[in-house]
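Engineer: sequence-free structure coming up:
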């Protein structure tokens with residue numbers, strides 16, 4: 001079904017100033033040497049405040065044993081996109097990714113072996129809460145379970161055909177699964193039975209996080225490997241889900257959710273301005289998601305465009321985040337410092353969006369010999385219109401497949417606008 005995708009233009013409503021370093025206050029970039037991760041997927045998993053593991057695109061694996069002072073980079077030997085990482089202890093962990101890929105390590109990531117998952121569907125989330133009761137979920141309603149440390153997997157794809165984005169357990173008995181089109185399941189017996197839960201939305205659900213007394217998730221749009229949200233839902237009785245507020249500093253700022261305890265939570269996301277500056281934003285709540293404040297906003301250049309990020313805390317004050325090829329750390333709970341000014345001088349409006357046959361792009365400023373480039377979600381150019389003059393340009397679908405695309409408007413070799421398009425079939 002058609003889904004409204006939010007614009008990629010930053011709509012900041014606050015006065016922003018140049019970022020100034022203040023010692024180790026707030027979030028700090030780590031010298032992780034993660035130079036790849038072209039499309040910005042992956043996951044980060046802190047074992048404790050000092051030992052942290054990272055899985056990235058094409059099987060790049062990073063680890064630190066001293067809180068990020070030094071990072072060891074390794075190659076798992078697998079070249080797919082990876083989306084989640086879960087460790088049972090310091091040595092034993094699992095990662096999931098494209099084409100049903102599940103890999104396992106028993107030596108802290110030094111060596112990895114592939115597990116036979118029994119599916120070729122993309123897997124987006126894995127839970128290793130209990131060592132001998134592993135769970136993974138993915139495309140087309142696939143649910144996988146292993147009771148022998150990943151040696152064999154039992155597949156269940158009968159509950160739904162919807163894409164399943166997240167699985168999370170509070171303990172050995174209580175767990176949740178979230179998916180597209182408002183799909184939500186709960187188990188109270190360790191996964192023996194999964195019951196459908198009612199939730200007041202048909203949006204795509206993802207990024208489950210559970211605490212001692214609460215469960216939280218994001219609601220928005222999932223297209224291919226891109227995640228964006230504008231709502232948060234929470235429950236304290238595992239049945240009734242209440243809508244809570246999110247801070248919408250700009251579209252795309254809420255792609256991943258994490259709660260360290262019942263009241264302390266964070267969201268992270270990344271996006272691009274019309275001046276082609278790409279930025280990372282982290283927001284924070286201390287009152288059960290009722291109110292949110294900025295924890296970090298910073299512009300980075302040549303960062304992968306996309307809303308797939310990860311954030312996890314080892315303690316109430318020490319946390320780690322992954323966005324694109326950037327790894328960040330905070331030791332003070334993410335005290336907000338300041339941000340770089342984001343100028344937005346050439347707004348781009350697209351209507352209709354999503355579209356099935358053609359759409360019109362309009363800028364606030366007159367264009368002269370401009371070029372419109374259309375890229376798919378893998379960064380490949382699939383269409384281009386040159387010599388654009390005036391304020392509008394019509395983009396015809398032609399033979400483009402349905403899905404998510406990015407448009408880039410350039411003039412005199414300068415990017416003046418970037419936006420996100422969705423093509424749907426009637």
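Structural biologist: That came through fine. What you are looking at is a predicted structure, and each value in this text was computed from that prediction instead of being measured. Residues are numbered from 1 along each chain as shown.

Engineer: leaving out chain neighbours, which residue sits closest to the spatially most central residue of the chain?
Structural biologist: Centroid-nearest residue in the chain, with Cα atoms, centre = their mean: residue 308, separated by 2.6 Å. Nearest residue to residue 308 in three dimensions, chain neighbours excluded: residue 41, at 5.0 Å (Cβ to Cβ, 6 or more residues apart in numbering). All C-beta atoms are positioned from the backbone trio N, CA, C, and that covers glycine.

Engineer: how deep is the one you found tucked in, by neighbour count?
Structural biologist: Look at residue 41: counted by other Cβ atoms under 10 Å, it has 27 neighbours.

Engineer: how many other residues sit next to residue 125?
Structural biologist: Residue 125: 24 neighbours (other Cβ under 10 Å).

Engineer: please list the outside residues in contact with the helix or strand containing it.
Structural biologist: Element membership of residue 125 [criterion: DSSP states H and E] is strand 123-130. Contacts with strand 123-130, where a contact means Cβ atoms under 8 Å, 6 or more residues apart in numbering, come from 83-88, 92-98, 100-102, 117, 134-139, 142, 144, 163-169, 171-172, 175, 190, 208.

Engineer: which of the residues you listed count as buried?
Structural biologist: Buried by 16 or more other Cβ atoms under 10 Å: 83-88, 92-98, 100-102, 117, 134-139, 142, 144, 163-169, 175, 190, 208, out of the contacts of strand 123-130.

Engineer: and the closest residue to residue 43 other than its chain neighbours, which of the three is it?
Structural biologist: In space, residue 43 comes closest to residue 85 once its chain neighbours are excluded; the distance is 3.9 Å by Cβ to Cβ, 6+ apart. At residue 85 the chain is in strand, as set by DSSP: H, G, I helix; E, B strand; the rest coil.

Engineer: residues contacting residue 85?
Structural biologist: 42-45, 53-55, 93-95, 126.

Engineer: quick check: residue 212 touching residue 264?
Structural biologist: No - under the criterion of Cβ atoms under 8 Å, residue 212 is not in contact with residue 264, lying 11.8 Å apart.

Engineer: looking at these two, which is more packed in?
Structural biologist: Shown here are residue 212 and residue 264; by other Cβ under 10 Å, residue 264 has more neighbours (19 against 8).

Engineer: which residues sit in contact with that one?
Structural biologist: 284-286, 316, 333 are the contacts of residue 264 under Cβ under 8 Å, 6+ apart.

Engineer: just residue 136 next, same as before
Structural biologist: Applying Cβ under 8 Å, 6+ apart, the residues near residue 136 are 96, 102, 117, 123, 125-127, 143-144, 153, 167.

Engineer: any idea what the residue nearest to residue 43 is bridged to?
Structural biologist: On the basis of DSSP bridges, residue 85 is bridged to residue 95.

Engineer: ditto for residue 243
Structural biologist: residue 233.

Engineer: the strand ranked longest in the chain: how far from the chain's middle?
Structural biologist: The longest strand of the chain (DSSP state E) is strand 358-376. Counting by Cα atoms, centre = their mean, to the nearest Å, strand 358-376 is centred 27 Å from the centre of its parent chain.

Engineer: after it, which helix or strand is next?
Structural biologist: Assigned by DSSP H and E, the successor of strand 358-376 is strand 381-396.

Engineer: how big is the angle separating the helix or strand just after that following strand from strand 381-396?
Structural biologist: Where DSSP H and E defines the elements, the next helix or strand beyond strand 381-396 is strand 403-411. Relative orientation of strand 403-411 and strand 381-396, computed by axes from the mean of the first three to the mean of the last three Cα atoms, to 10 degrees: 80 degrees.

Engineer: and strand 403-411 with strand 358-376, angle?
Structural biologist: Going by the same axes, to 10 degrees, strand 403-411 makes 90 degrees with strand 358-376.

Engineer: just checking: what are the partner strands of strand 403-411?
Structural biologist: Assessed with DSSP bridges, strand 403-411 is paired to strand 358-376 (antiparallel), strand 414-423 (antiparallel).

Engineer: on that earlier part again, so the residue nearest to the centre of the chain sits against residue 43, correct?
Structural biologist: No - applying Cβ under 8 Å as the test, residue 308 and residue 43 come out as separate, 9.4 Å apart.

Engineer: quick check: neighbours shared by those two?
Structural biologist: residue 83.
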